[in-house]
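Peer 1: I would like to see how this sequence folds:
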Amino acid sequence: MEAAPEKQSPSLDDCLKLLRGERDEQRLAGLLLVTKFCKGDDLASLRRVYDAVGAQFLDRLLRTGMGQGSTEGSDNRDAYLQLSVTVLAAFCRVTEIAASNEMVSKIPLILEILPNKSGSPVLEECYEFLYLVLSANEDEVVSFFESGGLKVLAPQMSTFADGSRAMELAMKLVQLSLGKLSLGFISNAYLEDLSIIVAAIARQFAVLHNALKFEALHILSAIFSSELSASLHETLRVMPNGIWSDNLRIGITAILQNRVAPAEKLHALILAKSAISVMGEKWLVNQVNSPDAREPIPANRCLLLVLESSRVEIAVLLNDMAYLKYEASKSSSSNVDSILSKQRTLAIAFSLIEKIIRLVANMGADEGELTDENTFTKVIHGLNETIGVVLEYLQDAKEHGEKKGDDLLASVRVVGSYLAETPVACKEKVQELLPFMLSIEGNDEPSPFFSVCFLLPMLCQTTMKAEGCQVLASFGGDKAVVECLIKMINTHSYKVEDTDSVFLACDTIMNLLLKKEKLPLSLKEPIYVNLLRTLACWAENSNDPTVTMMASSICSLILDHSSEEALLGYPNFNRRDLHSLCQLIVKSLASNEMDMVDEARADLDLQEIISSGFSRWSHRFPYIKGTVERELGYHM
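Peer 2: All right, here's what the predicted structure looks like:
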């Protein structure tokens, strides 16, 4: 019996003949053949097929599938839509086709399809089409955004299966948008959508264990490093649940505890910093179960990993920067760029160390929160080691005569944060470097200010004892604190996070003045006269009784070492200043202890300081004495 001839598969030429046919039925048959044998990487064939079918027929087919235009073929609408989107996505693998105006014009149509096709097989091809077209047309990202791209992406991403092709393409779209579109372009109206996208990608970051995990890491890092991050923090903070932050912790822990490139660890630290900014420091020690049902992650693991990674980062960065600044050729512009890059990374690591310091301090106050003694010991050891490295960096700068730079100022800040909680730590080294630290200026500062602000909590505590006062006064450190206080009071726009800085400076000066007999203070210097004027003006413009009593107490202690005649002899002190000072003393003497808030008399009886001071120096200030006696009937 003769064998039947083998059925020959259709060739590309057969397909092209159908596509060039006059009837739509022929073209549809040709397109169906295209989907069966035309491989995605056969770009030459795809180009020939596209040229044969033509853009007009493709557009008509797509609109028919969407239910637009003619009602003919409405029974097969879903099939037409699936076919048109599939071939459009295939054609767009050819860059020239993806970049064409015909494809760009279909972006709004595809975005119109997406919300109505959740769970449909066509969804994946829609996302592939969008990704390929936008990849080939950088300038169209804005058009995609203005057509509602972000609002379409947000609700759908939270429904995709973990690690699915649709999720991967959606993430690539987000990444592409971030790379081409400044997040500053996104208004607050889109923050909720962006927060939903963050939550969806954070889940992928937590559950995946492939290359897509790192894509999620990079996207999240880019979002949280953007100019929009502060506004986004507020939106994330009020989300119904904090699962997104739990997923971040799981992903960050996985990155930091495995061998990955340093750049990936830096991205993880950026995410940790952002999560803490939104959720607070306790985020570092919250225990959650992994979403893929793995064993629970120990509550303190994230804390220890973030601390260790930050510690290593700081040690390496400071060593590299010291070499670039003091040993490498200074003429190289690449060195300058490298230093700036390292300074940005250093700021992230320093910020995390400060947050961990705050966490430990708060947990010390709330006993039982950090119950693992072994963990506590490891944290303290890591912090001590880090602060030691920072102090060595400052010592190096001192020896090279360099006291200006944001890196140095940031170093003082992290040291100040630590010393605020443990003022006697590294005591000898800190005392040796204190004059230098108080002289450090940021890049844009004409004189030291922030360095003094950062050290005020430590100075306030150490000057409660005579030894601390002697150390500060021995090199004229009192003047640095006075200058800082004057600037804080006179400048309404100063940027100091700690709103109590003014009172810390006041307390430090008060500590010094109360022990002035044992210190080399010169209270007749112009800076103390300027302080009198500043304090009087401060109290005059405030209704806070604490301000009145604190300002008056300091002024009373300074007036012990002057006279009315001497004050009026200073060029910057006039009768109006004397009147303001007089009104301050009158106001404070008129107060009684019942009017004082608890904070004002916590450690010192300020009323007693003022009244006893008045009795000592009033005879040298006839104008103040006469006014007090006249208005208060206050006779000495």
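
Peer 1: okay, CA-based contacts and neighbour counts for the rest of this
Peer 2: OK.

Peer 1: excluding its backbone neighbours, what's nearest the residue nearest in space to the middle of the chain?
Peer 2: Ranked by distance to the mean C-alpha position of the chain (Cα atoms, centre = their mean), the top residue is S274 at 5.6 Å. Spatially, and ignoring its direct neighbours in sequence, S274 is nearest to F224 (6.5 Å; Cα to Cα, 6 or more residues apart in numbering).

Peer 1: ok, how many other residues are close to that neighbour?
Peer 2: Look at F224: counted by other Cα atoms under 10 Å, it has 21 neighbours.

Peer 1: What's the separation between R237 and H619?
Peer 2: To H619, R237 is 60 Å away according to Cα to Cα, to the nearest Å.

Peer 1: no, scratch that, I was asking about S501
Peer 2: The value you get for S501 to H619, if Cα to Cα is used, is 34 Å.

Peer 1: next one: Y323
Peer 2: Remark: distance between Y323 and H619 (Cα to Cα) = 62 Å.

Peer 1: Which one of the two is surrounded by more residues?
Peer 2: Applying other Cα under 10 Å to Y323 and H619 shows that H619 carries more neighbours, namely 15 against 12.

Peer 1: from what I can see the more buried one touches K625, true?
Peer 2: Yes: at 7.0 Å, H619 and K625 qualify as touching, with contact defined as Cα atoms under 8 Å.

Peer 1: residues shared between the contacts of the two?
Peer 2: Residues touching both H619 and K625 (Cα atoms under 8 Å, 6 or more residues apart in numbering): none.

Peer 1: for the residue nearest to T86 when sequence neighbours are not counted, helix, strand, or coil?
Peer 2: Leaving aside its chain neighbours, T86 sits nearest to E125 (5.7 Å; criterion: Cα to Cα, 6+ apart). Three-state call for E125 (DSSP: H, G, I helix; E, B strand; the rest coil): helix.

Peer 1: cool, the one 5 residues further on as well?
Peer 2: Under the three-state scheme (three-state DSSP), the conformation of L130 reads as helix.

Peer 1: What separation do you get for it and K518?
Peer 2: Distance from L130 to K518, by Cα to Cα: 77 Å.

Peer 1: Any regions of the stretch 301-450 of the chain where pLDDT drops low?
Peer 2: Within the stretch 301-450 of the chain, the segments meeting pLDDT under 70 span 329-333, 364-371.

Peer 1: So which residues of it form helices?
Peer 2: For the stretch 301-450 of the chain, applying DSSP state H, counting those that start in this stretch gives helices covering 301-326, 333-365, 373-399, 406-421, 427-437, 450-462.

Peer 1: Tell me which of those is the most buried.
Peer 2: Most buried of the helices of the stretch 301-450 of the chain, by mean neighbour count (mean count of other Cα atoms under 10 Å): helix 450-462, with a mean of 25.

Peer 1: now the angle from that helix to helix 406-421?
Peer 2: Angle of helix 450-462 versus helix 406-421, following axes from the mean of the first three to the mean of the last three Cα atoms, to 10 degrees, is 20 degrees.

Peer 1: what packs against helix 450-462?
Peer 2: Contacts defined by 3 or more Cα pairs under 8 Å, 6 or more residues apart in numbering; DSSP states H and E place helix 450-462 against helix 406-421, helix 466-474, helix 477-490, helix 501-514.

Peer 1: Identify whichever of these lies nearest to V152.
Peer 2: Nearest of those to V152, taken as Cα to Cα: helix 406-421 at 42.2 Å.

Peer 1: For that closest one, which outside residues touch it?
Peer 2: Helix 406-421 has contacts (Cα under 8 Å, 6+ apart) with 343, 346-347, 350-351, 353-354, 357, 361, 387, 390-391, 394, 425, 437, 440-443, 450-451, 454-458.

Peer 1: Check stretch 153-164 too.
Peer 2: So stretch 153-164 is contacted by 115, 118, 166-167, 170, 193-194, 196-197, 199-200, 204, 207-208, 212 (Cα under 8 Å, 6+ apart).

Peer 1: D507 and Q461 touch, don't they?
Peer 2: No: using Cα under 8 Å, D507 is not in contact with Q461; the gap is 9.1 Å.

Peer 1: Make a markdown table from the helices and strands packed on helix 450-462 and add distance to Q175 to it.
Peer 2: Formatted as a markdown table, the helices and strands packed on helix 450-462 follow (distance: least, Cα to Cα, whole Å):
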| stretch | distance to Q175 |
| --- | --- |
| helix 406-421 | 31 |
| helix 466-474 | 53 |
| helix 477-490 | 43 |
| helix 501-514 | 42 |
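
Peer 1: Compare L130 and K518 and say which one has the larger neighbour count.
Peer 2: Counted by other Cα under 10 Å, L130 and K518 do not tie: L130 has more neighbours, with 26 against 13.

Peer 1: residues contacting that one?
Peer 2: L130 sits next to 107, 110, 173 when contact means Cα under 8 Å, 6+ apart.

Peer 1: Among the residues you listed, which one lies nearest to L559?
Peer 2: The nearest member of the contacts of L130 to L559, counting by Cα to Cα, is L173 at 69.3 Å.

Peer 1: measure the residue nearest to that closest one when sequence neighbours are not counted to A536 for me?
Peer 2: Nearest residue to L173, sequence neighbours excluded (Cα to Cα, 6+ apart): Y131, at 5.6 Å. Computed with Cα to Cα, the distance linking Y131 and A536 is 65 Å.

Peer 1: Give me the below-cutoff pLDDT ranges for the stretch 1-150 of the chain.
Peer 2: In the stretch 1-150 of the chain (pLDDT under 70), the answer is 1-15, 17-24, 27, 30, 33-40, 69-75, 118-119.

Peer 1: Could you pull out the helices in it for me?
Peer 2: Here the stretch 1-150 of the chain has its helices, by DSSP H, counting those that start in this stretch, at 12-19, 24-37, 43-53, 55-65, 77-91, 95-98, 101-104, 107-113, 122-136, 141-146, 149-157.

Peer 1: repeat for the stretch 501-636 of the chain
Peer 2: Going by DSSP H, counting those that start in this stretch, the stretch 501-636 of the chain shows helices at 501-514, 526-540, 545-559, 564-568, 575-590, 606-617, 622-632.

Peer 1: out of those, deepest packed?
Peer 2: helix 545-559 (a mean of 23).

Peer 1: re earlier: run through the residues that contact the residue nearest to S274.
Peer 2: Contacts of F224 by Cα under 8 Å, 6+ apart are 270-271, 274.

Peer 1: Tell me which of these fall in strands.
Peer 2: Using DSSP state E, no member of the contacts of F224 falls within strands.

Peer 1: Adding distance to G476 and pLDDT, write the residues you listed out as a markdown table.
Peer 2: Listed next are the contacts of F224 as a markdown table, based on distance: Cα to Cα, whole Å; pLDDT from 0 to 100:
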| residue | distance to G476 | pLDDT |
| --- | --- | --- |
| I270 | 40 | 95 |
| L271 | 43 | 96 |
| S274 | 40 | 93 |
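
Peer 1: M171 versus A200, what's the distance?
Peer 2: As judged by Cα to Cα, A200 and M171 stand 9 Å apart.

Peer 1: Check V142 too.
Peer 2: Distance from V142 to M171, by Cα to Cα: 17 Å.

Peer 1: out of these two, which sits in the busier spot?
Peer 2: Each of V142 and M171 had its neighbours counted (other Cα under 10 Å), and the higher figure belongs to M171 (24 against 16).

Peer 1: mind checking which helix or strand the more buried one is in?
Peer 2: In the assignment (DSSP states H and E), M171 maps to helix 165-180.

Peer 1: same question for that helix, mean pLDDT?
Peer 2: With pLDDT averaged residue by residue, helix 165-180 scores 88.
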